[in-house]
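Engineer: Provided below are the primary sequence and the corresponding predicted coordinates.
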Amino acid sequence: MIGIDEAGRGPLAGPVVAAAVLLDLINPIEGINDSKKLSPKERERLYRIIIESACGWAVGTASSEEIDRLNILQATFTAMYRAVCGLTVAWNRALIDGNRIVPHLPAERQKAVVGGDACSASIAAASILAKVTRDRMMLDFHRRYPEYQFDRHKGYGTALHRDRIGRHGLCAIHRKSFCSAAAVQTTLYL
């Protein structure tokens with residue numbers, strides 16, 4: 001059974017990232033939890049353990065351009081589908097964090113689990129891989145666009161990020177469909 005989760009649905013910039021993980025349930029990994037409940041240091045530690053000991057794992061992404069073109073829900077499904085397609089191991093059933101299954105995968109082999117990252121180790125492991133991968137991508141984007149300080153907010157709509165958009169406009173990784181409202185809010189704060 002694989003677990004599938006995503007990171008980055010809400011930010012104003014950057015990709016949405018999904019992961020699919022098939023854990024070795026005979027050798028459980030101590031400390032796996034919802035990525036949002038772990039410190040960055042603990043997520044990095046668990047990331048290394050998961051990729052070394054899982055029976056299989058893969059990550060898929062959808063870019064900010066795809067998010068603008070498809071919408072965030074469809075882009076999230078695209079990232080999830082890409083993650084599953086990247087697996088090199090066979091799987092029988094998928095548990096997806098949330099209330100919807102992934103289109104283009106066999107419906108009878110999927111189950112949506114609301115709050116799944118809190119009750120399934122496989123989904124929690126996927127949440128960790130997705131979050132760490134996305135955070136690393138945002139650090140790379142910070143090096144390309146330091147004026148936005150992506151290292152501090154990872155693209156989320158913080159006051160700092162909205163301020164940077166107000167000062168510098170949008171860059172190539174901003175989600176234009178998300179930022180039109182943020183730009184209006186930013187001008188109200190200036």
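Structural biologist: Received it, and whenever you're ready, just let me know what you need. Numbers count the residues shown, from 1 in each chain.
Engineer: ok, now which ones touch the closest residue in space to Y145 that isn't next to it in sequence?
Structural biologist: Among residues not flanking Y145 along the chain, C171 sits closest, at 4.9 Å (Cβ to Cβ, 6 or more residues apart in numbering). Quick note: C-beta positions are derived from backbone N, CA and C, even for glycine. Residues in contact with C171, defined by Cβ atoms under 8 Å, 6 or more residues apart in numbering, are 13, 145, 148.
Engineer: Also V113?
Structural biologist: By Cβ under 8 Å, 6+ apart, the residues touching V113 are 95-98, 119-120, 123.
Engineer: Give the burial count for C85, as a bare number.
Structural biologist: Residues lying near C85 (other Cβ atoms under 10 Å) number 12.
Engineer: Then the one 4 residues further on?
Structural biologist: Here the number of neighbours of V89 (other Cβ under 10 Å) works out to 12.
Engineer: same check, this time on the one 4 residues further on
Structural biologist: As a burial measure, the neighbour count of R93 was computed by other Cβ under 10 Å and equals 11.
Engineer: any chance you could map the helices in this protein?
Structural biologist: 40-53, 64-70, 72-85, 116-119, 121-144, 150-153, 159-168, 176-189 (DSSP state H).
Engineer: export these to TSV and tack on mean pLDDT and distance to E6?
Structural biologist: Shown next, in TSV, are the helices of the chain (pLDDT from 0 to 100; distance: least, Cβ to Cβ, whole Å):
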stretch	mean pLDDT	distance to E6
helix 40-53	97	15
helix 64-70	98	12
helix 72-85	98	5
helix 116-119	92	10
helix 121-144	98	5
helix 150-153	98	18
helix 159-168	96	20
helix 176-189	62	16
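Engineer: Please name whichever of those is nearest to Q110.
Structural biologist: Closest to Q110 of those is helix 72-85 (Cβ to Cβ; 9.7 Å).
Engineer: between that closest one and helix 121-144, what angle do the directions make?
Structural biologist: Angle of helix 72-85 versus helix 121-144, following axes from the mean of the first three to the mean of the last three Cα atoms, to 10 degrees, is 110 degrees.
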